[in-house]
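[1] Need coordinates for the below:
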Amino acid sequence: MQRILFIIRKEFLQIFRNRFMVPIIFVVPVVQLIILVNAATLEMKNIRISIVDNDNSSVSHGLSDHIVHSPFFKFVPQEGNNLNLALRRMEKDQTDAILVFPDRFSESIHKGQPADLQLLINAINGMKAGITSSYVAQIIRNYFASSANELNVNASVQPGKTIHQVRISPLFWYNPELNYKIFMVPAILVILVTLTGALLAGLNLVREKEMGTIEQINVTPIGKFEFLAGKLIPFLIIALAELAFGLVMGKILFRIPILGSLLLLFGVVVVYLILVQSLSLLISTVSNTQQQAMFLIFFFMLIFIMTSGIFTPVESMPVIAQKLDWLNPVFYLMRMIRMILLKGSTLKDILPYILPMTGYAATMFLIAVRAYRKTT
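    Numbering: from 1, shown residues only. Prediction:
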């Protein structure tokens with residue numbers, strides 16, 4: 001144990017003597033947290049929309065006003081009421097969507113007959129197109145629901161028949177205001193902890209190789225387990241400190257709820273860091289330069305992060321990808337941190353994730369110890 005403490009002390013001295021390392025550890029994560037949480041959002045705003053109104057009625061004007069004055073859309077006016085001109089604007093990437101009102105649209109509405117609207121969307125970005133369609137559909141539903149009496153939609157209903165209006169009152173658990181930042185802050189914290197724990201720990205070992213100082217350590221009686229544990233623990237402590245600071249910043253700046261146990265959260269993160277750091281150390285043992293180690297670590301981390309559910313639900317992925325995700329360490333923490341912070345989940349709730357991750361971490365650390373060779 002004393003040997004491990006000596007290595008930990010040496011690592012902290014090296015870290016704080018490096019003027020370049022300190023800003024990377026303490027300043028960069030804060031900047032990333034503030035910027036990424038505001039930038040990484042699926043909320044679409046300033047969607048450019050043009051309107052071709054062939055009906056020119058109070059109904060089409062009222063619906064158009066609701067869309068134009070929505071915070072999600074930016075109206076693109078055009079000369080004349082010509083669909084071909086609007087299509088040419090879309091071809092030149094000057095508008096994202098075109099809403100077309102057909103002739104006698106309001107007449108069909110007042111008679112209670114089906115009325116069609118045409119929405120043309122630039123779908124080069126499929127996600128943006130889907131969100132645009134959802135926004136327009138929601139605005140149309142809200143407009144006709146609030147204006148049903150004024151529009152006399154049911155005028156053609158036969159006497160004696162009763163129209164029952166159904167009102168839906170949704171209740172959104174864990175995020176009542178549908179604030180996307182509450183969903184993204186835990187994910188950004190996972191990424192910051194991962195980069196600090198995995199990347200820096202791995203590069204630090206390869207740096208010892210490049211400087212030649214690792215040869216001096218290899219001739220000492222320090223065992224492989226003691227050496228790698230001493231390498232792992234300092235960056236584990238730093239990553240936990242960053243997590244604590246990130247939680248404070250998230251609470252102050254973004255008002256994220258912290259419903260679960262912080263002790264449970266930090267315990268889960270410790271197991272996770274042992275896993276990703278062991279993987280990083282394993283990569284470092286087979287790398288001769290920091291460049292090689294960085295490329296390999298980024299190769300794996302990019303795949304892990306993109307398939308972890310940070311932006312899209314894991315359930316929407318192919319079945320094979322969902323099964324392979326159980327080999328993805330980021331997937332475990334991404335699930336558990338959101339469950340603990342946003343739902344107040346307990347240890348019993350996260351057992352399906354913490355148990356395999358613990359076995360995964362122990363196995364990966366033992367593989368890293370076995371793979372490291374004390375050669376001079």
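
[2] care to break the protein down by domain?
    As given by automatic domain parsing, the domain ranges for the chain are 2-40+177-371, 47-151.

[3] Could you tell me how far the first one lies from the centre of the chain?
    Okay, so that is domain 2-40+177-371. 16 Å (Cα atoms, centre = their mean, to the nearest Å).

[4] and the end-to-end length of that domain?
    Across domain 2-40+177-371, the terminal residues are separated by 24 Å (Cα to Cα, to the nearest Å).

[5] Check stretch 33-46 too.
    24 Å.

[6] do stretch 71-78 as well
    20 Å.

[7] just to revisit the earlier point, need the domains of the chain in CSV with mean pLDDT, can you?
    Listed next are those as CSV, based on pLDDT from 0 to 100:
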stretch, mean pLDDT
domain 2-40+177-371, 84
domain 47-151, 85
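
[8] Please work out which of the ones you listed is packed deepest.
    domain 2-40+177-371 (a mean of 17; mean count of other Cβ atoms under 10 Å). C-beta coordinates here come from the backbone N, C-alpha and C atoms, glycine included.

[9] Nearest residue to the middle of the chain?
    The chain has residue 310 as the residue nearest its centroid, 3.3 Å off, counting by Cα atoms, centre = their mean.

[10] Name the SS class of it, please.
    For residue 310, the assignment made with DSSP: H, G, I helix; E, B strand; the rest coil gives coil.

[11] and what of residue 49?
    Residue 49 is classified as strand under three-state DSSP.

[12] Distance-wise, check residue 369 relative to residue 286.
    Separation of residue 369 from residue 286 (Cβ to Cβ, to the nearest Å): 14 Å.

[13] Same check on residue 141?
    From residue 141 across to residue 286, the span is 57 Å (Cβ to Cβ).

[14] One more: residue 277?
    From residue 277 to residue 286 the distance is 16 Å (Cβ to Cβ).

[15] and if you look at residue 111?
    According to Cβ to Cβ, residue 111 stands 75 Å off from residue 286.

[16] Then residue 293?
    Here the criterion is Cβ to Cβ. By it, residue 293 lies 9 Å from residue 286.

[17] what does residue 294 give?
    13 Å.

[18] And for residue 228?
    Following Cβ to Cβ, the distance that separates residue 228 from residue 286 is 14 Å.

[19] in which helix or strand would I find residue 52?
    Element membership for residue 52, per DSSP states H and E: strand 47-53.

[20] need the next SSE after that strand, C-terminal direction.
    helix 58-68.

[21] ok now the helix or strand that that following helix is followed by, how far from the chain's centre?
    Per DSSP H and E, helix 58-68 leads on to strand 73-75 as the next helix or strand towards the C-terminus. Here strand 73-75 shows a centroid-to-chain-centroid distance of 26 Å under the convention Cα atoms, centre = their mean.

[22] can you list contacts of strand 73-75?
    Contacts with strand 73-75, where a contact means Cβ atoms under 8 Å, 6 or more residues apart in numbering, come from 46, 47, 48, 49, 50, 51, 67, 68, 135.

[23] Helix, strand or coil: sort out residue 360 for me.
    helix.

[24] surely it meets residue 329?
    Yes: counting by Cβ atoms under 8 Å, residue 360 touches residue 329, with 6.9 Å between them.

[25] Mutual contacts of the two, please.
    residue 275.

[26] Show me the strands in the protein, by range?
    According to DSSP state E, the chain carries its strands in the segments 47-53, 73-75, 97-101, 118-121.

[27] tell me what the first one is packed against?
    Using 3 or more Cβ pairs under 8 Å, 6 or more residues apart in numbering; DSSP states H and E as the contact definition, the elements that strand 47-53 packs against are helix 58-68, strand 73-75, helix 83-91, strand 97-101, helix 126-146.

[28] change it to 6 Å
    In terms of contacts (3 or more Cβ pairs under 6 Å, 6 or more residues apart in numbering; DSSP states H and E), strand 47-53 is packed against strand 73-75, helix 83-91, strand 97-101.

[29] Each with direction, which strands does that strand pair with?
    strand 73-75 (parallel), strand 97-101 (parallel) (DSSP bridges).
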